[in-house]
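> My questions are about this predicted structure, shown below with the sequence.
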Amino acid sequence: MKRRRWIAGAAAILLALSGCEISSITSPTDGAIVDAPSTTVTGKLREMPMGGVLTVNGVVTPVNPDRTWSVDLPLGPAGTVHTIEAIYTPPDGGTPDKSYSTVVAGPSIDVGEMSPDGVGMRFTNTGLNSLGPVINDLAAGSFDISSLILAQHPLVYQENAFLTFDITGNAYEAGMGGVNLVANSTTTGMSTQITINDLYIGLDLLIDDGLLIHNTCKLEVSIPQTTINAKFDLQPAAGDESHVDVNLIGTPSVVTSGVNYEFLGGICDGDTFLIGDIVNAVAGRQISSMIGDGFSSQLGDPDGSGPADSPIADAIETSLAQISIAGSVGSAVNAHLKAPFTQITEGATAVDLRADADFYATIGNNPGDCPAVPRHPTLPQTFDVPGAYPTLGDTTPDGDPYGLGLVISSSTFNQLLGAMTECGLLNKDITEIDLGGTTYPVTSTVLSFLVPQFATLPANTPMKIRITPKVAPFLDGEAGPNGEPAQLRLAGLWVEFVQPTQVGDMPWLRLLVGSSLGFDLGYDANAGVLAPTITPGPASTVTAKVIDNAIGANASNLETIFPSLFPNFVSGLSSSFAAFPLPSFMGLNVDVVDMVRQGNYYVLYANLTQQPQTRISNVQVTDTSMLNGVYDSVFNVHEWRHKLKSTSTSKGVKVALRGMIGADACCTVDDARRDAPVGYRVTFDVIPENGDTWKIDLAQSIKGAHTLIDEQGGSAWTSISTLNIRAKVGNGAWQNFNITPSSTGVNTGSGAYVPFTGSSSAVLTGTTAQTITVEVSFDVTAYSNSNLAFPAVAGDEAAIRFGANDSIANGFTAGEYPGVGNRNIGEDGLFGTIALSTI
């Protein structure tokens with residue numbers, strides 16, 4: 001019975017206090033920041049009898065007939081925290097009605113407003129070089145040399161290349177083995193060297209003398225190394241200023257080395273009567289300069305200073321798309337960040353990127369949202385600390401080299417603290433307390449040592465100390481109270497001593513607390529995070545106001561002694577700030593060199609290091625096909641011709657094998673036949689990191705056509721076997737995933753055109769480092785069948801095309817592109833992809 005009466009009494013007190021958080025102060029609201037020497041406080045009296053006395057911070061204030069009231073109160077210097085206390089005593093002298101609001105004096109930034117020059121980055125040339133491996137992987141995808149070259153019409157144009165002949169060339173196929181990009185900042189722009197390895201181009205050439213000759217031929221060019229030197233200007237992207245716009249300055253210079261070429265048929269073939277040898281010899285000497293000049297002109301900026309990008313600038317821009325302050329920093333601290341670049345400046349040793357900033361939080365269940373936290377504040381403003389953007393040198397203030405400088409202003413940091421506060425940064429229920437170096441559970445008995453009146457509750461009653469912020473903590477631009485680099489102000493912090501009961505949490509005591517704390521950001525190398533150190537200031541920097549006192553404590557004594565007790569609560573409060581994870585840039589780790597305060601900005605000096613990731617390495621691609629060969633006689637011709645190209649990154653391998661086999665028996669004395677075994681082998685290592693389970697997706701596809709051209713009544717046939725495809729992990733068993741083409745052959749005495757396709761796939765998985773082997777093998781045959789007598793006829797032309805032209809000039813057309821069926825040479829071939837992922 002006694003326990004039931006006690007619970008009923010607690011419930012009555014709980015109901016009496018339930019309206020305490022509904023303030024009669026209507027303006028300024030809790031957490032308002034006022035940049036003025038005074039503020040007008042307004043309110044409306046709650047449902048209490050009129051005729052009593054209202055005081056606001058001790059100033060007697062008249063109440064209007066409509067129950068509204070207002071009074072002007074002075075404010076102190078910027079950063080000063082003011083607690084507004086409105087106390088209305090009813091005419092009968094009963095229990096006063098109290099309302100509170102916390103106001104900060106000083107400049108502010110409204111929610112949704114940008115903090116000017118709030119964040120920035122400085123990449124030294126050392127840092128830019130660190131980006132090289134990552135940009136190379138990105139460039140391998142975005143710097144699509146095939147698309148760039150195929151889009152240029154013409155790719156080469158040489159007027160009066162020899163005698164009166166003009167040469168025009170359009171590419172019909174292009175590709176490369178790999179690309180390497182190195183960038184350095186200069187005072188005149190970003191100097192960039194792009195090295196393309198194993199470039200190959202197929203060209204349709206038009207030879208025209210303007211008189212009698214207007215003829216075509218095909219040219220295949222392979223260049224072991226092509227170097228493109230260009231200079232670019234970096235600017236905020238118009239319409240998407242959080243990313244970088246890249247514009248070419250001038251015309252790129254192109255250097256080719258070791259150019260190899262082959263003319264395929266037409267007027268350029270050496271067998272063409274009279275003119276063939278001349279064109280082949282003279283045009284051949286022009287190839288290197290034609291390719292270089294073509295690159296320079298066609299990869300240049302199409303409209304100078306206009307809006308259109310050069311193809312190469314556009315590719316680099318795609319590679320650099322991940323350089324965004326908003327994405328890297330915002331995701332690291334679990335808050336949204338708008339950070340449009342305002343200026344990008346290239347210097348002799350570094351490039352500086354500066355941006356306005358707006359950190360903000362969203363509450364909900366969508367990606368990037370914070371879950372709703374009970375009692376979290378909604379903040380209209382954050383505290384602004386004006387200051388000049390710092391100038392960063394080539395070394396840290398201590399003289400250490402670095403690759404990346406990250407800059408954030410105190411104002412932007414306050415925006416971040418505001419966003420994190422709205423996400424529940426300081427909302428905390430403390431159930432343990434440190435007293436004299438020993439941690440105790442929070443109970444009525446333990447609290448009675450601090451506030452004797454808690455002894456009136458049953459011994460060892462479970463309690464908790466609830467922290468509820470009304471204002472976001474903020475840096476005020478001053479040094480810490482104990483000489484720390486910065487001062488963090490806590491204001492409008494409600495500290496409640498709460499007892500959980502069957503009818504809800506019972507607040508026995510509530511204080512409104514403010515404090516000045518020392519603040520520093522240090523680097524925890526083991527955890528790889530920035531860890532704040534928060535140090536309590538002297539008791540003189542702490543203010544406490546008892547605002548609800550159901551326990552019956554001596555309010556005056558408690559307000560006097562609480563500042564000296566406050567350090568016992570700071571340890572629990574510090575853990576709320578946890579740590580700020582460092583952002584990664586384009587997959588690179590940020591390895592901190594130093595973290596310093598420069599004026600009202602904070603600068604993190606760091607180097608960029610490769611982040612270990614599950615990867616592919618040591619890729620070897622081996623051609624196991626028969627060597628190319630051609631037999632070209634007066635009577636018969638037959639040829640096997642192919643090329644194998646591959647590209648690889650740390651995440652995958654692409655292989656393209658293109659070929660043509662053809663035969664034509666000219667006369668009745670003999671048949672013409674060509675057989676060729678075809679295939680390749682890929683070996684590579686897969687190296688897992690961070691305990692990853694790796695997955696390798698293997699895919700193969702083939703596309704081509706059988707082609708027979710009827711000539712003099714003979715016949716012909718072609719065949720392609722099943723593609724034997726297999727893979728194994730280490731020394732394990734082979735896993736087969738063969739392809740049977742949709743048409744394996746054609747045998748007829750008349751013309752025929754029969755396309756074929758096929759595809760297959762397989763998946764490999766593992767958890768340890770392994771060597772993977774993939775093998776592909778198959779056979780192709782072209783046979784032209786002549787007849788000695790009855791009737792005496794020559795054989796028909798026979799060819800299988802899967803992505804390569806023939807090189808036969810003597811009227812053989814079955815093996816050429818686009819040829820019969822108007823096929824696209826770029827789409828034909830045997831294609832293999834190896835893609836790495838983790839599961």
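Received it, and whenever you're ready, just let me know what you need.

> What separation do you get for the residue lying closest to Leu558 once chain neighbours are set aside and Gly803?
Spatial nearest neighbour of Leu558, chain neighbours left out: Val546 (5.8 Å); criterion: Cβ to Cβ, 6 or more residues apart in numbering. All C-beta atoms are positioned from the backbone trio N, CA, C, and that covers glycine. Between Val546 and Gly803 the distance is 85 Å, computed by Cβ to Cβ, to the nearest Å.

> More neighbours: these two, which one.
Applying other Cβ atoms under 10 Å to Val546 and Gly803 shows that Gly803 carries more neighbours, namely 25 against 17.

> who does the more buried one bridge with?
In this entry, Gly803 is beta-bridged to Gly659, by DSSP bridges.

> Quick check, it in contact with Gly829.
Yes. Contact criterion Cβ atoms under 8 Å: Gly803 and Gly829 qualify, at 3.3 Å.

> anything in contact with each of the two?
Counting by Cβ atoms under 8 Å, 6 or more residues apart in numbering, the contacts common to Gly803 and Gly829 are 656-659, 703-704.

> Of these, which is the most crowded?
Within the shared contacts of Gly803 and Gly829, most neighbours by other Cβ under 10 Å means Gly704, with 28 neighbours.

> so which strand or helix has that residue?
strand 694-709 (DSSP states H and E).

> Now that strand: buried residues?
Burial within strand 694-709, assessed by neighbour count using 16 or more other Cβ atoms under 10 Å, is assigned to 694-696, 698, 700-709.

> Name the strands paired with it and say parallel or antiparallel.
Strand 694-709 has its sheet partners listed here by DSSP bridges as strand 752-766 (antiparallel), strand 797-802 (antiparallel), strand 829-838 (antiparallel).

> now for those, which one comes closest to Gly714?
Among these, strand 797-802 comes nearest to Gly714, with 9.7 Å by Cβ to Cβ.

> okay, now the domains of the chain?
13-106, 125-319, 361-610, 612-839 (automatic domain parsing).

> mind showing which ranges of the stretch 101-250 of the chain have poor pLDDT?
For the stretch 101-250 of the chain, the stretches with pLDDT under 70 are 132-145, 161-163, 211-212.

> Which residue ranges of it form strands?
With DSSP state E, counting those that start in this stretch, the ranges of strands along the stretch 101-250 of the chain come out as 108-110, 115-124, 156-162, 165-175, 178-186, 189-208, 214-237, 240-257.

> Over to the stretch 601-750 of the chain?
601-610, 615-623, 629-632, 636-649, 652-665, 672-687, 694-709, 715-720, 724-729, 735-736, 745-748.

> JSON lines for these, including distance to Asp779 and mean pLDDT?
Output for the strands of the stretch 601-750 of the chain, formatted as JSON lines (distance: least, Cβ to Cβ, whole Å; pLDDT from 0 to 100):
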{"stretch": "strand 601-610", "distance to Asp779": "44", "mean pLDDT": "90"}
{"stretch": "strand 615-623", "distance to Asp779": "15", "mean pLDDT": "97"}
{"stretch": "strand 629-632", "distance to Asp779": "15", "mean pLDDT": "91"}
{"stretch": "strand 636-649", "distance to Asp779": "11", "mean pLDDT": "93"}
{"stretch": "strand 652-665", "distance to Asp779": "10", "mean pLDDT": "96"}
{"stretch": "strand 672-687", "distance to Asp779": "5", "mean pLDDT": "98"}
{"stretch": "strand 694-709", "distance to Asp779": "13", "mean pLDDT": "98"}
{"stretch": "strand 715-720", "distance to Asp779": "7", "mean pLDDT": "95"}
{"stretch": "strand 724-729", "distance to Asp779": "10", "mean pLDDT": "98"}
{"stretch": "strand 735-736", "distance to Asp779": "17", "mean pLDDT": "98"}
{"stretch": "strand 745-748", "distance to Asp779": "11", "mean pLDDT": "89"}
